[in-house]
Each structure stands twice: as structure tokens, then as C-alpha cells.
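[1] okay, predicted coordinates and the sequence, questions at the end:
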2 protein chains.
Amino acid sequence: MRPSLSSRQIGVLLLVLMPGFLGSVRAQGDNLMPQPAKVVHAQGRLEISGSFRVALEGYEEPRLRAAGERIVERLARQTAIPMNSTLETDPAKAALVIRCDHAGGLVQSVREDESYTLEVTSRQARLEAATPVGILRGMETFLQLVTLDAQGFAVPAVNIEDKPRFPWRGFMIDVSRRWIPAPVIKRNLDGMAAVKLNVLHWHLSDDQGFRVESRRFPKLHEMGSDGHYYTQEEIRDVIAYARERGIRVVPEFDMPGHATSWFVGYPEIASLPGPYTVDRTLGIRDPAMDPTREEVYTFLDAFIGEMTQLFPDEYFHIGGDEVRAKHWSESPRIQEFMRQHGMKDHRDLQAYFNQRLLVILQKYGRKMVGWDEILHPELPKDIVVQSWRGQQSLAEAARRGYMGILSWGYYLDLMQPASFHYGVDPLGGGAARLSEAEKARILGGEACIWTENVDMENIDAADWPLTAAIAERLWSPAQVQDVDSMYRRLAMVSRQLEWMGLTQRISPRLMLERLAGDSDPAVLKRLDEVLAPLNCDVRRRVHHYTSLTPLNRLVDATPPESDAAREFALLVGHWQANKLKIRQQLSRWKRAGAEVAPLLQRSALLQEDLPLAENVSAVAEAGLEALDYLEHAEAAPDAWVAKQTALLDRASQPQAELWIMIVPSVRELLKAAEAGK
Amino acid sequence: MRPSLSSRQIGVLLLVLMPGFLGSVRAQGDNLMPQPAKVVHAQGRLEISGSFRVALEGYEEPRLRAAGERIVERLARQTAIPMNSTLETDPAKAALVIRCDHAGGLVQSVREDESYTLEVTSRQARLEAATPVGILRGMETFLQLVTLDAQGFAVPAVNIEDKPRFPWRGFMIDVSRRWIPAPVIKRNLDGMAAVKLNVLHWHLSDDQGFRVESRRFPKLHEMGSDGHYYTQEEIRDVIAYARERGIRVVPEFDMPGHATSWFVGYPEIASLPGPYTVDRTLGIRDPAMDPTREEVYTFLDAFIGEMTQLFPDEYFHIGGDEVRAKHWSESPRIQEFMRQHGMKDHRDLQAYFNQRLLVILQKYGRKMVGWDEILHPELPKDIVVQSWRGQQSLAEAARRGYMGILSWGYYLDLMQPASFHYGVDPLGGGAARLSEAEKARILGGEACIWTENVDMENIDAADWPLTAAIAERLWSPAQVQDVDSMYRRLAMVSRQLEWMGLTQRISPRLMLERLAGDSDPAVLKRLDEVLAPLNCDVRRRVHHYTSLTPLNRLVDATPPESDAAREFALLVGHWQANKLKIRQQLSRWKRAGAEVAPLLQRSALLQEDLPLAENVSAVAEAGLEALDYLEHAEAAPDAWVAKQTALLDRASQPQAELWIMIVPSVRELLKAAEAGK
């Protein structure tokens, strides 16, 4: 499920050219992300003090009471004002009154009403919603409104009417290739709730590991996980934690391919006899379940029976992606079966497998979700297709009557800038020309984090705050498009997320400290701030990775997007007005490249980054020389331009799996210098 | 228990004048803290790779096996190299062999053997100790030895023989004045273990809150805690967690004073009829238990019987400090009792109370610990006196045959620099002239954190890494005194502690972000880096505090010691050689003061800091002008000197409970300028 995306440079270029990027004016206190459907500012402010209390009206349930207490606890943490989180019984005395109309689904569904209204006056705030999930959404909005001004902590008076654009706003975490423990999942659920995402798609099995305790088939987790799996108790705990935050949990067990870890304990369900070991290598592997054996369906029936006891969601993700024909071709028995059933290729065999699987899922009251490849005319219309191929693929499914969710464009491990993901719309591209009825079949999208090059240490940094940009695309009205505003609010959300325990800012800092050893990590940081990692597909081509390769190099500590390079690109876009700032920044980077070299030499993990340091210095120097020409308003000589262009071409080649992100901006300076203006 | 300490400026001065401060040369990889008793470096290095495994030899127990697995898990985290923490059964194949001789105490005692030897060669590391606790100490040494060099992660070849100087190395946390939840306690236990502290002294009750669930007397926690208390299950969990790390847990229930929170539910044990409420105010309060009623001892017998079931340590801390005579004087019944028993003052009455308490403790097999005030000739010699008054008080007790521990000089909430605490020796001052036998009665010391001005958010920043300096004083040989080396290693320990989950570096950063609101916190940080908080006793005199006052001002986000000011003092100490650096730094602070002003004005919580910003700018400007005179080798004119002296005098007055810590250094520059050299 690996789309080939345009290079990150294109993303950066798009960003710079995007209309409105420099023009937006921010409203006071406007830190909301995702932006609500309708916001009307009013006069006044609701003061937040130690006497802040919450009262519930209307329908009540334990989840609502817990949410009411949690909002006070988070407010206390956000302001450091001691507060009493016990609910107030008299609404007249409460600072925030929450009124819920009725219960939501016993199991939250894709049709759950998530709308809410929030009215804040200087006297009281009032949050109303049809269902508890709507209340949970509005709570996050309320907390994002809290600001510290010259009078103290307050929420500005405002009227908000809000509801999501898409009903399926997911976040997929691959816990198979690298082990991601339950506490990390839980803090990511907090992050998801903060930006109103509503589906945790949990990629629980793959070639590299089977991560759920199965009591029915214990060799699955005992032999397929290296001891890294969730107990059933942990799974239940995570699901309950998610429900408290209005988040569905959709499990994925990838079948019939991507399943080597199953075969370690149960080779009898594989196409070839084995034996199998947990696969440490990455990429698409050959082993696959044998769709021709009845024992396989008996096994899957019992397994899915057990798992649907554990996972209550109405959807069950069967993966279904990237099945290789190889082992099926090598099995004479399977070949004979295909001949007997008139199957022309392995796609037909997979369709047969999926239909058998569908019957099992239906037996347990579940609907099927799968990646693009499961799409087949014989499957019913209530399945959901998750597209890693793009909107065109999704649009075709929608035309044929299938529901779909988009993940192309939302792959976080591809290390694209937030602006790129923000620009991808499930109803854009090939889906833009669908009829309204067809569009309604496109349920939303899912940010995905695959963990070939991500582990429990840097996963937060790979996911956040990026995912908040995708969350806004999926929640907010389609016309919310201001990239400048998005980046400003993204920075505020990132702060808020760290208050909630996410580690996207502290973790890269600790990783740089590890790399710097006894030296000052600040020097290393100045180099690192202009770098960005290659996307993980490319990394796998230039470096040998397995699921045990240490992720402790500079590329692993480098966030997906260079804020410094992005901000520098803005300066260069208006270089005439920013000459001094550009010069200061380039001088700083020129020095940084030189200063960091001894530190890089001392560390076995950093020596590979020496060419980057040299190139950053040289690129900055080229930019400074270009500025000199520009300041004297003379066209740079051809020989100089040729020499520097060659330098930039060299520096635009990745080193140690890292890009130097200021190269395109310096190239712009060069072009201006060449023209003499 | 509030000693009056010399002002922090004296601490800073001592530091600058201390011999060896600038002269030490560091050994390669010497990041050990506390420094071991004996270290002999050898040739070679033990490589740390993904195949690192631990094997146990000799005596085994679950705690040792868990420790063996934990060291691999921590090593994997420290290096980000995936490792298998399962113990290796063949010692020949293990990178680290742990050999323990025999079991330790069923309940760890003050006499526990904590010594260990660690031998590292390029082939293998060998850690040996008599007891599991010795192994735990050596484990921490091993982890501190890991470095990243030009070849990779490794431990240098070394021979270490180590044992503690003092057997009682404690850390007291007051959880009554402010609530400190169990997870915070647990991460502090990790920090304690990392620097080889061995006693958690848990100050569990005081006027402001009673923090332990009592099943025998449920109104203690139900009415005395605002709902913030540890369940008995949590207490057991913390004690088990501590034991796994070789740490004893000594509970303190402060009696007969500092006990208002008990009386809310049980006024019948107080001297006056009440009613009582949880006391939000701070300082020494009047309520006290009634030592004349038999019902009080019946109550305490049952209570201590319950608590000794929970807390297995052989010592039980009864507080006993700061008892006021007021309520005893106001009770005719108590006065009559004193007359009948020939007691001349309230000290006699407290001694009577303590003797009755002693009998109860003995009944449950416990020894008494208490603050200075409990000392009385009628108490037996196996009690331990904890001195907040100083070494003189401790020495007098030792001469009279009593054991003691020092806490004067180790009060972390007094916001002294690490060098101050580091210079305080339990056997220094008045204890220096004791005989060897008397010295042996001084068991060690305890760092103490009182929480009048510290809460769960900033407690780590108040405690760490400072406490590591005290830990070294209590563990390492007396001649380990190099303050320069201490500060260098303290910075490394601080990094290590954050890997373990302590928040002393991230929490102040998040607090500054809260204060900065939408603005860039970096500007605020540049102001804050030269500031340090007043000690908490003084803060209480200049500002009204209760246990509910929000701790969200700049003073609360400011670490106890300004590293920037300390490093600046070193530069100024050799200003002739550092003129450029001094100028750069002063220019930076001069700008910072000006740049931060608009931000301060916008925030209700920061407006009080405007005079600090102005003063920092003015002080830096004065320093720059002094430098000008010095560069021209001319004596500054008298009028200029007088004017700047007046400015520095003003700036040396605290504002908003904060000191400007660069004032003494700029004063030195001024003096040099006055002299013209």
C-alpha cells in the first residue's frame, strides 16, 4: 500500500505559490484547529478562575460525567489554577453548562451525530449537542479557546455551530513492523480527540509481528510477536479509553498476504508448508494464506469470532493489499483449485477468499473494510474501500456504488510537509466530478503511519502536529484552505498536544542529545533545523533496513518538515524587503555547518552527516554571495552562476537520507542574482 | 523546620572563590555521579550492540531478574538499539555478568550492604555485590558509563570498587501542602535510584492535607484530603516499586502539631474542641493533639498498627517539629495535667507525648525518627534525629549517644545553587570535631522538598538535578569536592534523568509557553535565564500564599539556579581573557530586556515582571559601559561609578519574587572599571 508521491520539493513549491499564504490576517484568539463550520465572535470574555465548575443538563451517562470532570482537570493543567473537578449540580452556578440531548450508539457508529453548538458569554458558556460524542467535540473547542490576556485566563465570547464535513476521520497506526506499546497508543488517542479525529485504525498484524493475544490460537502472539503484543485486557482498556474520547477502534488483520507472523505458529494455514519465522525484512513478502483449504476458513471463523468479541466496532479491516501470486503459483494444489474453479489469475483467487471472509464477517455482524485491492464486483455495497492509490480509485469505487475512505496523500511516513497533506481532499482530484450521491459514498479519510522507519521513540514526531492538518481537512468546510493560518494554528496545537503528554517536540530533542553525547546539542540542532528526512520508501532503497535496525541516526531525529526552511522560503519570496534577515540567517547556517563538524567527527552515528554540514555551509555561502550581487544591483557573472548552480545541484542530492531544505530558496536567490534583480 | 540560610548571593560567591573550580581536567567518559569510591581506568572498550545480554550468577531472586531485564530495557532506550531483555543463561555469552552473593534483608535496612565492584573489559563486564541492593547500585554506574564515541556505543574498560560513605541517603517529599500524585513519586524514585539515594521519606500528613487512605479511621482521608490521597493499593505499589530499586520508604505522620487535617474528621484527638477545617494557610499553625487524653493514645495505637501493616520499614517518622504551646495553654484541662505531672513547659508535655508514642511504636516493632525537637534525655538511643537546625545540633545529639541525619543545608525549596548544597557535609561544621565513634552515629542526610511553593507541575524542576549533588555528597568519599566537575556531571545526569521520565527540563519550558500565550517563548526564556526565585520562606513574606494559590507566574517557572548567570560569573572572573564573550552576552541580555517588554505587557501573569526586564537591560548596559572603560584602560569617573552602583543596588532588590542573578558579576566589572583594571 505504497503510493508513489511527488517529491517533497514539489510540496514546498506548491506551498510557496499557494494563494493566501502571506495574506491572511488572524482573528484574536483564533487558535481553533480544526476550524469550526461557523464561528461568530461576540463582545466580552468569560473569565477562567479557580471557581470554574461544570454542570450537566439533559441526558446523562458516566462518559459525560467523566468528560465534565476531565475538562476541568485539563483546564487546571492548562492554566495551573487549582480547580475542583467535581460537577456542579446547579447550572446557574456553573461556568460551563453542558447539555446533551440523548444517548449515542451503544457502539459508536460512522453515523454518530457529532455536531454541537458552543455559546460563550461573559457570564457563562453553554455547550449543547444531540449526543455525548458531540459534547466531546465541543469540549475540545472550548479548551482551544482558552487564552491568557492582559486580564488573565479567559475564553472570548463567541457563538459556534459546528459539525464535521466527513463522518470517517481516521488515524492508522502500524504496530506490527515496530512495536508501539499501549501507553503510546493512548496518548495518540488524546491527540486524536484534541483535533476531532474519530477512528483509530489499528494495523495489528503483518509479516513482522502479530500483536494481539489470542486465547483461541495462542501461538499467534506467542510465536509471532517477539513477546511484544497487547493482552486482551490492554486491548479492552484502549477501546474503553477511545470510547471515552468519542473514537471508534477498527482492528486490521491483514489477509491473505502480509501474514507471515501468523504462519510461525500456524504454518498449516499458509500456501506452502514452511516452516516460517517472523520476517525481519521489509517490503512486500511472498507468503500468503491458502484460500483453497477449508481448514483456513475454519481457523478464520474461530479467530474472527474471538476478535469480534474483543473489538465491538461494526467494521473489521481485512487488509487485502499487495498479495503476491508467487506462493500460490508454486503450489500445485492451489493451481489445480484455480483451474477447477475457472479462475484466470490470483486476483480471482483473492476475490474468492474475500467472499468467504465476508460470509464469516457477516456471521459475526461485521462489515468489511479493505485496501483498494479488495474491490471486486461480487462484494456487496456495504463494504468500505480504503484507497492508497488516490482519489481516482476512490471515485471509481463510488461510481460503482461502493463507500470509500482516502489514505493516498495522508501517508505520514512519506515525510511530506503539512501543506501537502492539507491540500489533499477526499473529494478533490478524480473525485471532484462525482455526482452528489456518489460523493456521499466517500466517507472521509485516514492519516496513516507505517513503521518501517518509525518506532515508539519517534512516532509522535512523525505523526504530530502534521495529523492535525489532515484532521482539519476532514472536519472543516472545504473552503478552509489558508495555509498560512494552518501553519500558525498547527504550532499552537503542537504546544497543546505536548501538555497532553505527546512527545513530538521533546523526543527529537532527546534524540539529538543522544547523538551529541557529551557535546552541546544546540550546535547539532542548528544543522538539523534545515534538514528533512527522505520518505521512507526511498530510505529503504538507499539503506538496508529490517524491523530491528536501530533508528538512532540523525535522519531518525529529524522532524518531517523543516520549519526553519519553510520560514526562510517566505523571506526569500520577498527578498527585497528581507535582505538583512536573510543575510543573518544564512550567516548563521554558514557558521553552523563549520561549527558542527568536530562534533560529527566524534560520533560514530554522525560521521555520515559531515557532507551535509559542508554542503549547508557552502549553500549558505552561495546565498550570501548572491545577496552581495543583489545589493549592488549587478547581474552575477555567468561563471559564478554556473559554479553555484553546480554546487546547488550537488547539495540537492540527499546525503545520509536527509535533504537540505534551504536549497530551493537559495536557488531562487541565485536566479535573482543572475538576473541582477 | 525552617532553617534561616545565608543569602543565595553568598552561595554564588563561595562558588566562584572555591579552589579547583576552574582547574579540573575531566577524564574521558567520566560522567559518573555520584563518583565511586575507587575508579581505575583500563585500556579498551566494551561495545554495546543489539546482541547485548545479561546473565545472572550466584544468588538469584525475582528482584535481581527484573533488574537484569530492566538494565537491558534502559540500555535499549538510551541507545535506541533494539535489544532482547530476556536473561541469557550462559554467562560466557553475556556482555554483562551479574553475580550476587546472598539475599539482603527481607525488609531493606539502614545496615544493608550496598557495596559492589564493576570490572569492564573489552570482552565482558562483571558486576559483583554481596546483596541485590549492591547490584542495583552498580547497575546505575554501568548505565552512566555508556558513551557514544567515534566507533559507536561503548563502556570504557574500567575497574570500580564502590560503597557509600553514609548509610542513610534520603529524599523527603512533602505531599501534604500540595498534592503530588503517585506517578510523580514513582518517577522521582527512578531519579533517586539513578543517583544511589536509598530512602524516600514521605511526609504524608500536615495541616494542609492527610494523604493516606486509612480503613480504620476513614474520616482522616475522606475529610482531610480534598479527595487527594493515596489508596492503600497505591502505597503498596510505590513501596514495591521502591524496593525494586533498593529504596526504603519511611512514612512521616507529623504529630502532635502540624496535624490540623487529622482533626477535620476527628476533632476529639485535638487539644481544643474545634470544629476544624483543612487549613489552606501556610506557616506554623496552632492546633495540636491533646497529649493528656488516653483516647488519643488508643487512637494512635490503632492508627499506627494499621500504618505499620502498610509501611514495612523499621523506622517510623513522627515529625514532632514546631509544636506551638498556644492551644495547650488555652486548655484548662491540659494545664491542670501539666501541673499534676510537674511539667514546667510544653516541651515537657511533648516529651511525655513522644514517650507514649515510643511505646506504641515499639509494640509494632518500629524505631522512631523525628525532627530536632523530639530530642529529650528520656528517649532511648535507637531513635534517629533529623536535623533542620544544622550540624551543631546533630553533633550535640551524637555526643549524647543519639543517631542523626542532616537536612539543614539540603532544603531544596530554599532555592540555593547546587554548589551550596554540595558544600554541606553531615560531618562538617559543628560535627567536624566529633570522635570517630560519635561520627559513626551520623547516618547521613536527606534532601527535602517542602511544597508551599512547589506543585506537581514544577516539583521535578525544584528537585532535579540539584538532588544529585546532595546524593554525591552522601555517597562519595569526603574528598570529592570539585565543584566544576560536579556542575559538568550534573548537566549529564540531568539529561539521563529526562530519559527516565523526569520533567525538570521540559516542565519549565511548557510553563514559559503558557505564560507567553501566542507569543514566542524564546524571548521570555532569554529574560528568564538570568533570574532565580527567592527562597520560599521569603516568598511567603512578600506575597500571600495558601495551598490553593496558582503557581503559574514567572517565578514558578524559573529553575532554582541560573546556569547562564553562573557561567557568566566564570567569564567575568577572568574578564581580561573573555572581553568579547562578555560583550556578546551582555548585548544579548540588554536586547532581551527590551524585546520582551511588549510580551510581558500583554499577559496578566507577566506584567509584574516588567521592572525585571527594565533592570536586566539597564544592568547589562552598565556592564557594557564598564567594559568600554576597561578596554580603554581608563578608570571610570566617580560620578559614573556612583550612578551605576545605585542602579545595581536597585536591581539587586528582588522583583516579583525573582532575583537578577547577573548583578554580582556586573558589580565586579564595575569595580574593575573603577580601578581602571
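    Structure received.
[2] can you list the weak-confidence ranges in chain A?
    In the predicted model of chain A, residues A:1-29 satisfy pLDDT under 70.
[3] please report how far A:P598 lies from chain B.
    For A:P598, the distance to chain B (CB to the nearest CB, to the nearest Å) stands at 11 Å. Using the backbone N, CA and C atoms, a C-beta is placed for each residue, glycine as well.
[4] and A:E213, by the same measure?
    Looking at A:E213 against chain B, where the rule is CB to the nearest CB, the gap reads 19 Å.
[5] if I've got this straight, A:W659 is in a strand?
    Yes - counting by DSSP: H, G, I helix; E, B strand; the rest coil, A:W659 is located in a strand.
[6] that one pairs with what?
    A:A532 (DSSP bridges).
[7] pretty sure it sits against A:D528.
    No - using CB atoms under 8 Å as the test, A:W659 is too far from A:D528 to be in contact (12.0 Å).
[8] A:R473 and A:V424 touch, don't they?
    Yes - at 6.9 Å, A:R473 counts as touching A:V424 under the criterion of CB under 8 Å.
[9] comparing those two, which residue is more hemmed in?
    Taking A:R473 and A:V424 together and counting by other CB atoms under 10 Å in any protein chain shown, A:R473 has the greater number of neighbours (29 against 21).
[10] and A:Y315, backbone torsions?
    Backbone geometry at A:Y315, expressed as degrees, to the nearest 10, gives phi -110, psi 150.
[11] residue contacts, it?
    Under the criterion of CB atoms under 8 Å, 6 or more residues apart in numbering or on different chains, the contact list for A:Y315 reads A:V110, A:R248, A:V250, A:R366, A:K367, A:M368, A:V369, A:V384.
[12] of those, closest to B:C536?
    Closest approach to B:C536 among the contacts of A:Y315 (CB to CB): A:R248, at 48.4 Å.
[13] so the closest one touches A:V199, yeah?
    Yes - counting by CB under 8 Å, A:R248 does reach A:V199; the two are 4.9 Å apart.
[14] return the nearest residue of the stretch 151-300 of chain A with respect to chain B.
    Residue of the stretch 151-300 of chain A nearest chain B, by CB to the nearest CB: A:G152 (4.2 Å).
[15] show me which residues of the stretch 51-200 of chain A are close to chain B?
    A:77-82, A:84, A:86, A:147-153 (CB under 8 Å from any CB of the partner chain).
[16] just the buried ones from those residues?
    A:R77, A:Q78, A:T79, A:A80, A:I81, A:P82, A:N84, A:T147, A:L148, A:D149, A:G152, A:F153 (16 or more other CB atoms under 10 Å in any protein chain shown).
[17] contact partners for the residue lying closest to the third one once chain neighbours are set aside?
    Sequence neighbours aside, A:F153 is the residue nearest to A:T79 in space, at 4.8 Å (criterion: CB to CB, 6 or more residues apart in numbering or on different chains). For A:F153, the contact set (CB under 8 Å, 6+ apart) comprises A:E47, A:I48, A:S49, A:T79, A:I81, A:V146, A:T147, B:A604.
[18] now swap in A:E61 and tell me
    Remark: with contacts taken as CB under 8 Å, 6+ apart, A:E61 is in contact with A:A103, A:P132.
[19] rerun that using 10 Å as the cut-off
    With contact set as CB atoms under 10 Å, 6 or more residues apart in numbering or on different chains, A:E61 has these partners: A:A67, A:C100, A:A103, A:G104, A:P132.
[20] would you write a PyMOL line that selects the buried entries of those?
    To isolate in PyMOL the members of the contacts of A:E61 that are buried, counting by 16+ other CB under 10 Å, one can use:
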select buried, chain A and resi 67+100+104+132
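[21] and the furthest pair within the contacts of A:E61?
    Between all members of these, the farthest pair (by CB to CB) comes out as A:A67 and A:A103, at 13.9 Å.
[22] what residues are shared contacts of A:W659 and A:D528?
    With contacts taken as CB under 10 Å, 6+ apart, A:W659 and A:D528 have A:V555, A:T558, A:S562, A:L612 as neighbours in common.
[23] returning to that earlier point: measure the residue nearest to A:T79 to A:E88 for me?
    According to CB to CB, to the nearest Å, A:F153 stands 19 Å off from A:E88.
[24] kindly report the same for A:G404.
    45 Å.
[25] who has more neighbours, these two?
    A:G404 (28 against 20).
[26] just the C-alpha atoms of the one helix or strand that one maps to, please, in PDB.
    For A:G404, the enclosing helix or strand under DSSP states H and E is strand A:403-406. The C-alpha trace of strand A:403-406 is given here as PDB (Å, rounded to 0.1, in the frame of the first residue of the first chain):
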ATOM      1  CA  MET A 403     -18.200   3.500   0.000                       C
ATOM      2  CA  GLY A 404     -14.600   4.600   0.400                       C
ATOM      3  CA  ILE A 405     -12.100   6.500   2.500                       C
ATOM      4  CA  LEU A 406      -8.900   8.200   1.300                       C
END
